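Visitor: Okay, here's the prediction I keep looking at, along with the sequence it came from:
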Amino acid sequence: MPELDVLVNGRNYRVACGPGEEDRLLRLAADLDRRVQGLVRSFGQAGEGQLLLVAALLLADELDEAKGAVKQIAGLDERASESLNQLADRIEQLAESLEHA
């Protein structure tokens, strides 16, 4: 299993990842570092644990919002599918009416 050094808030961390996931891990670590640096600029250099906790909570909030959006989209997709089925049924009824006319 590959291990990489990632830099977050000026500290190196050794992290393992799956084969082929190295670039993704580096991108994720860079995103986390960017968020932590933003917190440092906003609130000052608080304790490392506090900064990482707030960054994790912000990420969890984004994830929760994204999950909600996915559920909304899935609901819209289901309603669209139902509407298409109803339209197909209506078209079939109209076609039958025209055949018998």
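Guide: Here it is on my side, so go on.
Visitor: Confirm residue 12 sits in a strand?
Guide: Yes: counting by DSSP: H, G, I helix; E, B strand; the rest coil, residue 12 falls inside a strand.
Visitor: tell me what the strand or helix carrying residue 39 is packed against?
Guide: With secondary structure defined by DSSP states H and E, residue 39 is part of helix 22-43. Other elements packing on helix 22-43 under the criterion 3 or more C-beta pairs under 8 Å, 6 or more residues apart in numbering; DSSP states H and E are strand 3-8, strand 11-16, helix 48-100. In short, each C-beta sits where N, CA and C put it, glycine included.
Visitor: Give the buried residues for it.
Guide: 25, 26, 29, 32, 33, 35, 36, 39 (16 or more other C-beta atoms under 10 Å).
Visitor: Identify, from these, the entry nearest to residue 83.
Guide: Nearest to residue 83 among the buried residues of helix 22-43 is residue 35, at 40.7 Å by C-beta to C-beta.
Visitor: For the closest one, give me its contacts.
Guide: By C-beta atoms under 8 Å, 6 or more residues apart in numbering, the contact list for residue 35 reads 55, 58, 59.
Visitor: can you put the residues you listed in CSV and add pLDDT, distance to residue 14 and neighbour count?
Guide: Compiled in CSV, the contacts of residue 35 are given as follows (pLDDT from 0 to 100; distance: C-beta to C-beta, whole Å; neighbours: other C-beta atoms under 10 Å):
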residue, pLDDT, distance to residue 14, neighbour count
55, 91, 19, 21
58, 92, 24, 14
59, 93, 21, 14
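Visitor: So which of the residues you listed is the closest to residue 94?
Guide: Using C-beta to C-beta, the contacts of residue 35 come closest to residue 94 at residue 59, 52.0 Å.
Visitor: and the gap between the closest one and residue 46?
Guide: According to C-beta to C-beta, to the nearest Å, residue 59 stands 17 Å off from residue 46.
Visitor: again, but for residue 55
Guide: Using C-beta to C-beta, residue 55 is found at 11 Å from residue 46.
Visitor: elements contacting the lowest-mean-pLDDT helix or strand in the chain?
Guide: Ranked by mean pLDDT, DSSP states H and E, the weakest helix or strand in the chain is helix 48-100, scoring a mean of 86. Contacts defined by 3+ C-beta pairs under 8 Å, 6+ apart place helix 48-100 against helix 22-43.
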